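A.B. asks: Pasting a predicted model and its sequence here:
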Amino acid sequence: MPNYDAFLSTAAANLRESAIRKMGTLLAGARDMVSFAPGYPAAEMFAWAEFAEISHELLAGADANALQYGPTRGYKPLVEVLQGVMAERGVKTSPDQFLVTTGSQQGIDLVARVLFDHGDVVLVELPSYVGAITAFRGVGASLVGVPQDTDGIDLEALDRTLLCERADGRRVKALYVVPNFQNPTGLLMSLEKRRRLLEWAERRDVLLIEDDPYRDLYFPDVSAEADTRPIAADDAAGRVIYLSSFSKTLAPGFRVAWMVAPPALAVKLEIAKQAEDLCTGALDQRIVYEACRRGVLARQLPRLRAFYQAKRDAMSASLARHAPGVLTWTPPRGGFFLWARLNRAITAQALLEHASTRGVIFVTGDAFYVDGEGADTLRLSFSAPTSDRIEVGVERLVAAITETTELSRPAAAR
Ligand SMILES: Cc1ncc(COP(=O)(O)O)c(C=O)c1O
């Protein structure tokens, strides 16, 4: 058999399986596992009946293009809908700024290919979305982390970091942020911070990559739509590349998302997309378009907010019952994730080994840090399990923390 390692590109040799995908393997091998690991939407909330009806109509053959290749920029009627969506979010756009992408993950990868050379610096939040970290590293970019406060990225640290990198002769091109209910921390960036961030980007000549898949999932008890105003909404100078997705609201299986970029960059992103997949699936785009046109999405959103808010409540209540003193956490104001810190002298990695044998898994926080920190943090995703399973999972998690702490003490002290 050939030695395949010898055939790998340098980039491929450096590829590592993501912590979240590894979780998937663990989960596949186990019965009765409670998974707080992947940030999957709850499948029972998908609009199955409406999708079935729409798909049936589309596949009846009236529109031959439904199963054809399509324009790289996206299905035109969908792009028009997206212009409306962006207008509702406060962002004025022109059609030449849009690109429908095969998931926002593709959008992030396209941005990486179009903007970054080997060694270019991309600033990211500490911690940050692992899919973006992988995409940026994939093109050889150098990732530098900036800590966050409770209202988002620390602006003083951000500027210090930028100046430091530039003083070392490195090219800092962009900052990647997830201002709404960030993956993994659930943090919501304040509006004041967004405004100052845009000013900073202009002053320091940096592009902002604003990734916004969770924006519609604010929890009405503690946040409102106005809190989620995109940075792009105030971007008169063309500093922001904005990405959003239907994955968390309609279904991730369609792989339909979009990006809005300054026209000059959109042209390059389009060519880069041609090399990746020519176009996003024509049928998927039409299903999503019809779901928007027929009001399926609009009807879904309030239901989803109430549904995930109740899941957040279930997890907060379970943690309050079982984990006070053991974990520290702040209930999120939207999205899918609760971020927790261990108050015991154990790592989340050691905990995960025990927890998985007890029937609960999560993602260790270190996976989201580009600086090797975060060993005492964990991301608990409450989106998919039922409230009952959340309670079972939290109980198991806390039992595993106790056991792991006990086992990590020197034998003499036990
Ligand atoms: C912050 C963030 N960006 C992008 C994505 C990718 O979403 P999509 O399904 O649209 O590719 C995710 C998915 O979890 C995410 O959390």
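C.D. replies: Thanks, I have it.
A.B. asks: which one is the most centrally placed residue in the chain nearest to, not counting chain neighbours?
C.D. replies: For the chain, the residue nearest the mean C-alpha position is residue 183 (4.8 Å; CA atoms, centre = their mean). Nearest residue to residue 183, sequence neighbours excluded (CB to CB, 6 or more residues apart in numbering): residue 129, at 4.7 Å. No exception for glycine: its C-beta is placed from N, CA and C like everyone else's.
A.B. asks: Give me the phi and psi angles of the one you found.
C.D. replies: The phi/psi pair for residue 129 (degrees, to the nearest 10) reads phi -60, psi 130.
A.B. asks: Residue 211 versus that one, what's the distance?
C.D. replies: Look at residue 129 and residue 211: by CB to CB, to the nearest Å, they are 7 Å apart.
A.B. asks: now do residue 391
C.D. replies: Residue 391 sits 32 Å away from residue 211, taking CB to CB as the criterion.
A.B. asks: Name the residue in these two with the higher neighbour count.
C.D. replies: residue 211 (27 against 18; other CB atoms under 10 Å).
A.B. asks: from memory the more buried one sits against residue 178, does it?
C.D. replies: Yes - assessed by CB atoms under 8 Å, residue 211 is found in contact with residue 178 at 4.9 Å.
A.B. asks: Residues in contact with both of the two, list them for me.
C.D. replies: With contacts taken as CB atoms under 8 Å, 6 or more residues apart in numbering, residue 211 and residue 178 have residue 129 as neighbours in common.
A.B. asks: Could you see whether the ligand lies near the longest helix along the chain?
C.D. replies: When the chain is parsed with DSSP state H, its longest helix is helix 296-322. No - applying CB under 6 Å from any ligand atom, one finds helix 296-322 separated from the ligand by no less than 13.9 Å.
A.B. asks: Check the offset of that helix from the chain's centre.
C.D. replies: 18 Å (CA atoms, centre = their mean, to the nearest Å).
A.B. asks: Can you list the buried residues in that helix?
C.D. replies: 296-297, 300, 304-305, 307-309, 311-316, 318-319, 322 (16 or more other CB atoms under 10 Å).
A.B. asks: pLDDT averaged over that helix - what is it?
C.D. replies: Here helix 296-322 scores 98 as its mean pLDDT.
A.B. asks: Quick check: the gap between the residue nearest to the centre of the chain and residue 298.
C.D. replies: Residue 183 sits 24 Å away from residue 298, going by CB to CB.
A.B. asks: how about the helices in this structure?
C.D. replies: Secondary structure of the chain, counting by DSSP H: helices at 10-13, 19-28, 48-58, 76-88, 103-115, 130-138, 155-167, 191-204, 263-277, 282-293, 296-322, 348-358, 387-408.
A.B. asks: Report the rounded mean pLDDT for the fifth one.
C.D. replies: Going back to what we said before, that points to helix 103-115. 98.
A.B. asks: Residue of the protein closest to the ligand, please.
C.D. replies: For the chain, the residue closest to the ligand is residue 103, as judged by CB to the nearest ligand atom, at 2.6 Å.
A.B. asks: and that residue, how many neighbours?
C.D. replies: Residue 103: 20 surrounding residues under other CB under 10 Å.
A.B. asks: other SSEs contacting the strand ranked longest in the chain?
C.D. replies: In the chain, with assignment by DSSP state E, the single longest strand is strand 142-149. Judged by 3 or more CB pairs under 8 Å, 6 or more residues apart in numbering; DSSP states H and E, strand 142-149 is in contact with strand 121-126, helix 130-138, helix 155-167.
A.B. asks: ok, now with 10 Å
C.D. replies: Using 3 or more CB pairs under 10 Å, 6 or more residues apart in numbering; DSSP states H and E, the elements in contact with strand 142-149 are strand 121-126, helix 130-138, helix 155-167, strand 172-177.
A.B. asks: Make CSV from these and add mean neighbour count and distance to the ligand to it.
C.D. replies: Formatted as CSV, those follow (neighbours: other CB atoms under 10 Å; distance: least, CB to the nearest ligand atom, whole Å):
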stretch, mean neighbour count, distance to the ligand
strand 121-126, 25, 11
helix 130-138, 21, 5
helix 155-167, 15, 19
strand 172-177, 24, 9
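A.B. asks: Just tell me which of the ones you listed ends up closest to residue 39.
C.D. replies: Ranking the helices and strands packed on strand 142-149 by proximity to residue 39 (CB to CB) places helix 130-138 first, at 10.1 Å.
A.B. asks: okay, the angle between the closest one and helix 103-115?
C.D. replies: Helix 130-138 and helix 103-115 are oriented at 20 degrees to each other (axes from the mean of the first three to the mean of the last three CA atoms, to 10 degrees).
A.B. asks: So for helix 130-138, mean pLDDT?
C.D. replies: For helix 130-138, mean pLDDT is 96.
A.B. asks: pull the CA atoms of that helix into PDB?
C.D. replies: This file holds the C-alpha atoms of helix 130-138, laid out as PDB (Å, rounded to 0.1, in the frame of the first residue of the first chain):
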ATOM      1  CA  VAL A 130     -14.100  26.200  15.600                       C
ATOM      2  CA  GLY A 131     -15.200  25.900  11.900                       C
ATOM      3  CA  ALA A 132     -13.800  29.400  11.200                       C
ATOM      4  CA  ILE A 133     -10.600  28.500  13.000                       C
ATOM      5  CA  THR A 134     -10.200  25.500  10.800                       C
ATOM      6  CA  ALA A 135     -11.000  27.400   7.600                       C
ATOM      7  CA  PHE A 136      -8.500  30.200   8.400                       C
ATOM      8  CA  ARG A 137      -5.800  27.800   9.400                       C
ATOM      9  CA  GLY A 138      -6.500  25.800   6.200                       C
END
